[in-house]
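Participant: how would this look folded up:
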Amino acid sequence: MIRFGLIIKIHSGMSYGVINMSRILDFNDSQSSATIPIIEGTVAFKNYVDEAAFIADVGGPFPGSVFYNSTLNVVQYYDSGASSWIVVASAKKVTGSRGTPVDVPVGGITPLGVQREAIYVQGDGGAIDITANPQIAAGSLVGDELILICVSDANTLTLEDGDGLSLNGSMLMVNNSVIKLEWDGSLWLEQSRRD
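Facilitator: As a prediction, this is how the structure comes out:
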């Protein structure tokens, strides 16, 4: 006879919980009866700065483990078939505002490294043609989304195709210009723009 079950384990202490999903096998043949827990996944109701912190706290990773990565602002799931962490949900981080945009120097743009970010930008003290290579610092995970929103006609930004960007031609960003980019692991790829 094989019996499947669920074991729920709540850690006490710092107001968080961990649920271990397990299956239990009962053997009722010529052998003595045995119960063998096999951990199928761990869901953590606590913020962790990265995968290593999660593993250090709860063990694993186990197939199906899920936790909130507070550094990347995403929920991650462990795919044992691919032996990797997959992002399953993320929130958009907004940096700057129309009233207080990020002043971008010729040295380029440095996103926060979250999966989805919108940055209000303008040139640092005037019109800026970014000369850095890369023009925008590397993303953290394949699929990261970055939206740049320019808020000035005087302090413009120029982005060029190349130097870490794959654009449909150069872009002069003026007030209300928007460009949406996606990180492919090597380059920021243009998804759309509004000049």
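Participant: Any idea which residue is closest to the centre of this protein?
Facilitator: Nearest to the geometric centre of the chain sits residue 115, at 3.3 Å (C-alpha atoms, centre = their mean).
Participant: contacting residues around that residue?
Facilitator: 72-74, 87, 90, 140-141, 143-145 (C-beta atoms under 8 Å, 6 or more residues apart in numbering). Any C-beta I mention is one placed from the backbone N, CA and C, and that applies to glycine too.
Participant: try 6 Å
Facilitator: Residues counted as contacts of residue 115 (C-beta atoms under 6 Å, 6 or more residues apart in numbering) are 72, 74, 87, 90, 144.
Participant: Of these, which belong to helices?
Facilitator: Among those, no member falls in helices (DSSP state H).
Participant: okay if I get these as a markdown table plus distance to residue 159?
Facilitator: Shown next, in a markdown table, are the contacts of residue 115 (distance: C-beta to C-beta, whole Å):
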| residue | distance to residue 159 |
| --- | --- |
| 72 | 24 |
| 74 | 26 |
| 87 | 26 |
| 90 | 24 |
| 144 | 17 |
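Participant: Return the distance of stretch 154-168 from the chain's centre.
Facilitator: Centroid separation between stretch 154-168 and its chain, computed with C-alpha atoms, centre = their mean, to the nearest Å, is 23 Å.
Participant: contact partners of that stretch?
Facilitator: 104, 122-123, 126-129, 133-136, 150, 170-174, 187-190.
Participant: Which residue ranges make up the domains of this protein?
Facilitator: Annotated domains of the chain cover 18-90, 92-194 [automatic domain parsing].
Participant: These: lowest mean pLDDT?
Facilitator: When those are compared by mean pLDDT, domain 18-90 comes last with a mean of 64.
Participant: related to what we said a few turns ago, now that we have the contacts of stretch 154-168, which of them are buried?
Facilitator: 104, 122-123, 128, 134-136, 150, 171, 173-174, 187-188, 190 (16 or more other C-beta atoms under 10 Å).
Participant: Columns secondary structure and distance to residue 61 on top of those residues, output as TSV?
Facilitator: Shown next, in TSV, are the buried ones among the contacts of stretch 154-168 (DSSP: H, G, I helix; E, B strand; the rest coil; distance: C-beta to C-beta, whole Å):
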residue	secondary structure	distance to residue 61
104	strand	38
122	strand	42
123	strand	44
128	strand	43
134	coil	31
135	coil	35
136	strand	31
150	strand	41
171	strand	41
173	strand	41
174	coil	47
187	coil	29
188	strand	29
190	strand	35
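Participant: can you tell me which of those lies nearest to residue 96?
Facilitator: residue 122 (8.9 Å; C-beta to C-beta).
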